[in-house]
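S.K.: Sequence first, then the predicted structure, then my questions.
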Amino acid sequence: MSTPDSTPSVDPGTLRRLYHGLVRIRRAEESILELLLKNRLSSTMCHVSIGQEAVAVGVCDVLAEQDYVTSTHRGHGHFLARGGAMSALMAELMGRQAGACRGRGSSMHLVDASVGHLGSNAIVGGHVPIATGAALWAALRGQPRVVASFFGDGATSEGIFHESVNFAAVARLPIVFVVENNQWAMSLPWSRATAQPSIAAKAQAYGLVGVDVDGQDVLAVRAAAEQAVGRARAGAGPTLLGVQTYRFLGHSRADPSSYRDTTEEQRWRARDPVLITREQLAATGVGDDWFATIDREVHAEIAAAIEAAEASPPASLDEVFSDIYATPLGGNR
Amino acid sequence: MSATLAPPRTVTYREALREGLFEEMEADDRVILLGEDVGRYGGAYAVSRGLLERFGEHRVIDMPMSEALIVGAALGAAAVGARPVAEIMYMDFVTLVMDQLVNQAAKLHYMFGGQLTAPMVVRVQQGIGRGAGSQHSQSLEAWFAHVPGLKVVAPSTPADAKGLLKSAIRDDDPVLFIEHKGLYARKGEAAGPTHTVPIGLADVKRSGEDLTIVAWSNMVHTALAAAEELAREGVSAEVVDLRTIAPLDMATVLASVGRTGRLLIVHEAVRTAGLGAEIAAETAERHHGQLRAPVRRLATPDVVLPANTTLERELVPDADAVVAAARDLVRS
């Protein structure tokens, strides 16, 4: 483990910004679960990242405007942290034309090309080579871009993970592979998925830099990501970033998590990234008034986003056949 | 005025593909090649020979033996501005690439509401001819006709190969470009640098009145040889070369069948659930009243291809078999 012994120090503004980012994702996903219960989402498929927010927030905080991210079926947090609009997220989940994917993608497929979010993907590991290709193009063109590809521990069991990491290492591509290890690939624990629990150790075999980091402490994630992104941007190659975190809830709404014991859940819940960051801020003298203001702001943003989504027309059969092709057929007939 | 014109230039299918790649790479520096052995080796079937020397390692990229990564990386590069041409050495290896082609490339533009595009080509070759066996000889085009979002082409001549390759590279959608190992050495009229063939348009390779033979890729030449023999017997066969597998140009097929009243579909892929079934069904649904005989399919039987040049030749329909089937159809 190369986890820093002590929490890295940052300026107060950065810590506040990180806390705001964490709370936005936490409250947004709580609202999404409410909407799901009230049958107001367009799809029944919905995976929340509650407990894992520090991964998205810590990594995205050190990316530059021109950088790219790719994400997973559990991707609301990556979308928001990268700069996707709350209104585009809510409208997408509610199946509206104002949604990020015009109401076709729902929870598992989000995108915002304008902020370098190249899509979240419902095939585990399926986007990892796509991220690698985006990094390849940046390298071939000499562009100062970095790609951050978020995926779960489950994806490391897929062959395409090996193909992608292997190539990124040998071609020294500007990419950070973020293994968001929430300990459970649906019902399979990490201990039964791999005989080598350390992502840093796996990285050694591929010949790239590997780091294991505490994913509940947003400052630790941010510090590790800052180094990895810096390496990538300097042409020093990719990083495999193993971030230890935990999915506080079930895999999806249908999952009661009966395969894991409650003491484990309680142990991780005691390390809630929102609360840890709140304590760090409080220790610097930030008072309750500020936290209350953040809560109000976030609440208002989410309420406005849901209201705007409801005002947008639902995705309809009228446009369901558009965009199957980008270049129409028959132009030359 | 034609007295001073040189005779038409002749090239092989392989050379035509290379010309198409070369010209598009010259014209647009976003066009890159990536695949196994495409650079130093020049491609397993020598299509990309010389391109590494001309364009360098930033345009022609030798990749590790990671087929899914090759197509996935092409897709990722395409999504952010490249126009990649990926090569998968044998159609059979496309099984290793199914997620990237079917779930990723074909879905990218639609699923993400039109925000991203995948202007990429995946070149593969398929078919018999070398006794390459069960894992190197399959014709699998029908699988990809079943995936909205993909375009699939399978040209039969050097000019069509070059013209379709150029169109595929300029197209903003993922195009599966299917070559045939039996075609690379075949010669034909060369196409100039401005020649393109539109995706989605079949071509009547020979006009006729008594029946329509639909074929594509290498089987077009078998159909043309059969039509020649049939002509000697007084049977006039029209040969429609599909050129594009998906989306199918049924308009051209139906127009031809509307004239001839008879349809024979010939393919190298195995019979069951082959593309012939789709063409037959479409024709039956839309032309029932105009058919003068039942639609007929001729295909390789449902068999695993053995690594044996004699046996594979005996299993795949040849010109004699096409002639016999056509004769039957016309005299029934």
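M.R.: Received it, and whenever you're ready, just let me know what you need.

S.K.: From the centre of the chain outward, give me the first residue you hit.
M.R.: Using chain A here. In chain A, the centroid-proximal residue (C-alpha atoms, centre = their mean) is A:H78; its distance is 3.1 Å.

S.K.: sorry, should have said chain B
M.R.: The centroid of chain B falls nearest to B:A154 when counting by C-alpha atoms, centre = their mean (0.8 Å).

S.K.: what does the stretch 151-300 of chain A put close to chain B?
M.R.: A:G159, A:I160, A:E163, A:S164, A:N166, A:F167, A:V170 (C-beta under 8 Å from any C-beta of the partner chain). C-betas here are computed from N, CA, C, even on glycine.

S.K.: buried subset of those residues?
M.R.: Among these, those classed as buried by 16 or more other C-beta atoms under 10 Å in any protein chain shown are A:I160, A:E163, A:S164, A:N166, A:F167.

S.K.: Kindly indicate whether the last one is helix, strand or coil.
M.R.: Using DSSP: H, G, I helix; E, B strand; the rest coil as the criterion, the local structure at A:F167 reads helix.

S.K.: show me what contacts it?
M.R.: A:F167 is in contact with A:T132, A:L173, B:M63, B:P64, B:S66, B:L69, B:A73, counting by C-beta atoms under 8 Å, 6 or more residues apart in numbering or on different chains.

S.K.: One more pass at 10 Å, please.
M.R.: By C-beta atoms under 10 Å, 6 or more residues apart in numbering or on different chains, the residues touching A:F167 are A:129, A:132-133, A:135-136, A:173, A:206, A:238, B:63-64, B:66, B:69-70, B:72-73.

S.K.: Selection in PyMOL covering whichever of the residues you listed are buried, please.
M.R.: Selection of the buried residues among those in PyMOL, burial being defined by 16+ other C-beta under 10 Å:
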select buried, (chain A and resi 129+132+133+135+136+173+206+238) or (chain B and resi 63+66+69+70+72+73)
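
S.K.: ranges for the strands of chain A?
M.R.: A:68-72, A:117-121, A:147-152, A:175-181, A:184-185, A:188-189, A:209-214, A:239-244 (DSSP state E).

S.K.: Mean pLDDT added to the ones you listed, as CSV?
M.R.: Formatted as CSV, the strands of chain A follow (pLDDT from 0 to 100):
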stretch, mean pLDDT
strand A:68-72, 98
strand A:117-121, 98
strand A:147-152, 98
strand A:175-181, 98
strand A:184-185, 96
strand A:188-189, 96
strand A:209-214, 98
strand A:239-244, 98
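
S.K.: In the stretch 151-300 of chain A, mark out all the helices, start to finish.
M.R.: For the stretch 151-300 of chain A, the helices defined by DSSP state H, counting those that start in this stretch occupy A:159-170, A:190-193, A:199-206, A:218-233, A:262-269, A:273-283, A:288-311.

S.K.: these two touch, right, A:V211 and A:E226?
M.R.: No. Between A:V211 and A:E226 there is no contact under C-beta atoms under 10 Å: 11.3 Å.

S.K.: Looking at the two, which is more packed in?
M.R.: Each of A:V211 and A:E226 has its neighbours counted (other C-beta atoms under 10 Å in any protein chain shown); A:V211 has more, 21 against 17.

S.K.: and the more buried one, what does it touch?
M.R.: A:1-3, A:176, A:199-200, A:203, A:223-225, A:227-228, A:239-243.

S.K.: close enough to count as contact, B:D173 and A:A326?
M.R.: Yes. With contact defined as C-beta under 10 Å, B:D173 reaches A:A326; the gap is 5.4 Å.

S.K.: Mind listing the shared neighbours of those two?
M.R.: Counting by C-beta under 10 Å, 6+ apart, the contacts common to B:D173 and A:A326 are B:L108, B:H109, B:T117, B:A118, B:P119, B:G149.

S.K.: Could you identify the most distant pair in these?
M.R.: B:P119 and B:G149 (13.2 Å; C-beta to C-beta).

S.K.: more crowded one of these two?
M.R.: B:P119 (25 against 21).

S.K.: isn't there a strand covering the more buried one?
M.R.: No. B:P119 is assigned coil when assessed by three-state DSSP, not a strand.

S.K.: if we can go back for a sec, looking at B:D173 and A:A326, which has the bigger crowd around it?
M.R.: B:D173 (25 against 18).

S.K.: which residues touch that one?
M.R.: Under the criterion of C-beta under 10 Å, 6+ apart, the neighbours of B:D173 are A:324-329, B:78, B:105-106, B:108-109, B:117-121, B:149-151, B:199.

S.K.: One more pass at 7 Å, please.
M.R.: Shown in contact with B:D173 (C-beta atoms under 7 Å, 6 or more residues apart in numbering or on different chains): A:Y325, A:A326, A:T327, B:H109, B:A118, B:K151.

S.K.: now B:G129, what's its secondary structure?
M.R.: coil.

S.K.: any weak-confidence spans in the chain?
M.R.: Here I'm looking at chain A. A:1-7, A:330-333 (pLDDT under 70).

S.K.: Sorry, I should have been clearer: chain B.
M.R.: Applying pLDDT under 70 to chain B flags residues B:1-4.

S.K.: Any figure for the gap between A:A234 and A:P174?
M.R.: 9 Å (C-beta to C-beta, to the nearest Å).

S.K.: of those two, who's got more company?
M.R.: With neighbours defined as other C-beta under 10 Å, A:A234 and A:P174 compare such that A:P174 has more, 26 against 11.
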